[in-house]
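Novice: I'd like to go over a predicted model; first the sequence, then the structure.
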Amino acid sequence: MTTTDPPPLTVVQPGQGSSGTLGSIGVDFKLWGRDTGGAVSIVEHPFPVGALVRPHLHTREDEYSIVTEGEIGFRSGDREAVLGAGGYITKPRNELHAMWNAGDVPARMIEVISPAGFENFFQELSELLLSVGQPEVSEIAELAGRYGLQFGQPDWLPDVIARYKLTPPPSSAELVTTVVTATRWPLADRLAPHPTRASATHARGSRRLRARCVPKSVRVCSQRDTSEVSSPARAYFEQYPQRDSNPRCRLERAES
């Protein structure tokens, strides 16, 4: 009689998993692509009061959000919704969307990413913010470009900020950075109508480029000041004490 080994089983207890910061919100890693055969990855996002996730779109994955604490607002294209604990929403790829804390208490949601892979963007961004504090615009653009992520500043954003008394991410009023991969995506013109092309030599194979500009396969479209991109990492860590032992996720690291 032949016996077969059971399939891999990943168990994540409450409070387990590494944590980091994405700037305006946090990220708690729960299931990685390696845990699911690449089918999905799952993270949790704590939202401090007033937090806003800059409008962006994904070109490679869909997202499914489940609110577990507080109230979170969602805008996807022309559609807007506010969900309390227990609410679900789909966020399809190739549509500009934003999220924010719609209440006066901290909020939290589960994010299901399909297919997996984008959790690695969160990890790299968190490491970048905690290591340098104020990354160069070119560093953010290069990282976003590798994951097919684009940013925009739509006409409806100021109204959302005013209605919910939100704190925009640093430079959100001055900076619009749209990243377009070599295969140009149709929404690029609408997101940033006056693009300027940047190019640089590309250190192939390196996980994080240290070039001052962006690889030739990436287009950066900026409309105003690109001199400042910073992270309120300290505020996040003070509001959400970390449960993980990873030294990169401690307040001391954020201060350095």
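Specialist: Thanks, I have it. Keep in mind it's a predicted model, so treat the numbers as computed, not measured.
Novice: list the contacts for Ser114?
Specialist: Under the criterion of Cβ atoms under 8 Å, 6 or more residues apart in numbering, the contact list for Ser114 reads 39-40, 61-64. Every C-beta, even on glycine, is put in place using the N, C-alpha and C of the backbone.
Novice: Which members of those residues define the maximum pairwise distance?
Specialist: The largest separation in the contacts of Ser114, counting by Cβ to Cβ, is between Ala39 and Glu63 at 14.0 Å.
Novice: before we move on, back to that, compare the contacts of Ser114 and tell me which is most surrounded.
Specialist: Using other Cβ atoms under 10 Å as the neighbour test, the contacts of Ser114 are led by Glu61, with 22 neighbours.
Novice: That one touches Asn94, doesn't it?
Specialist: No - under the contact definition of Cβ atoms under 8 Å, Glu61 does not touch Asn94, with a separation of 10.4 Å.
Novice: quick one on the thing from earlier: which single one of the contacts of Ser114 is nearest to Val12?
Specialist: For these, the closest approach to Val12 (Cβ to Cβ) belongs to Val40, at 13.6 Å.
Novice: Please determine how far that closest one is located from Ile110.
Specialist: As judged by Cβ to Cβ, to the nearest Å, Val40 and Ile110 stand 11 Å apart.
Novice: same deal with Leu83?
Specialist: In this view, Leu83 and Ile110 are 12 Å apart by Cβ to Cβ.
Novice: And Ser126, by the same measure?
Specialist: Taking Cβ to Cβ, one finds Ser126 at 18 Å from Ile110.
Novice: which residues does Gly87 contact?
Specialist: Neighbours of Gly87 in contact, by Cβ under 8 Å, 6+ apart: 66-67, 81.
Novice: May I have the phi/psi pair for it?
Specialist: phi -80, psi 150 (degrees, to the nearest 10).
Novice: Distance check, it against Gly38.
Specialist: 27 Å.
Novice: again with Glu80
Specialist: Counting by Cβ to Cβ - Glu80 and Gly38 are separated by 32 Å.
Novice: before we move on, the earlier item: settle it for me: which of Ser126 and Ile110 has more neighbours?
Specialist: Neighbours were counted for Ser126 and for Ile110 using other Cβ under 10 Å; Ser126 has more, 23 against 16.
Novice: in this protein, which helix or strand is least confident?
Specialist: strand 219-221 (a mean of 27; mean pLDDT, DSSP states H and E).
Novice: who's in contact with Met99?
Specialist: 47, 52-53, 65, 72-75, 109.
Novice: which among these gets closest to Ala141?
Specialist: Val53 (17.6 Å).
Novice: ok, which stretches of the protein are strands?
Specialist: 19-21, 26-31, 41-47, 52-58, 62-69, 72-76, 79-83, 88-91, 97-101, 107-114, 149-151, 178-180, 219-221 (DSSP state E).
Novice: Okay, and the beta partners of the residue lying closest to Tyr64 once chain neighbours are set aside?
Specialist: For Tyr64, ignoring the flanking residues on the chain, the nearest one in space by Cβ to Cβ, 6 or more residues apart in numbering is Val112 at 4.2 Å. Note on Val112: beta-bridge partners by DSSP bridges are Ile42, Tyr64.
Novice: check contacts around Val112.
Specialist: 40-42, 63-66.
Novice: Show me the shaky parts of the stretch 101-250 of the chain.
Specialist: Filtered on pLDDT under 70, the stretch 101-250 of the chain yields the residue ranges 169-250.
Novice: 90 instead?
Specialist: 132-138, 140-141, 153, 168-250 (pLDDT under 90).
Novice: Count the neighbours of Gly86 for me.
Specialist: 8.
Novice: All set, thanks.
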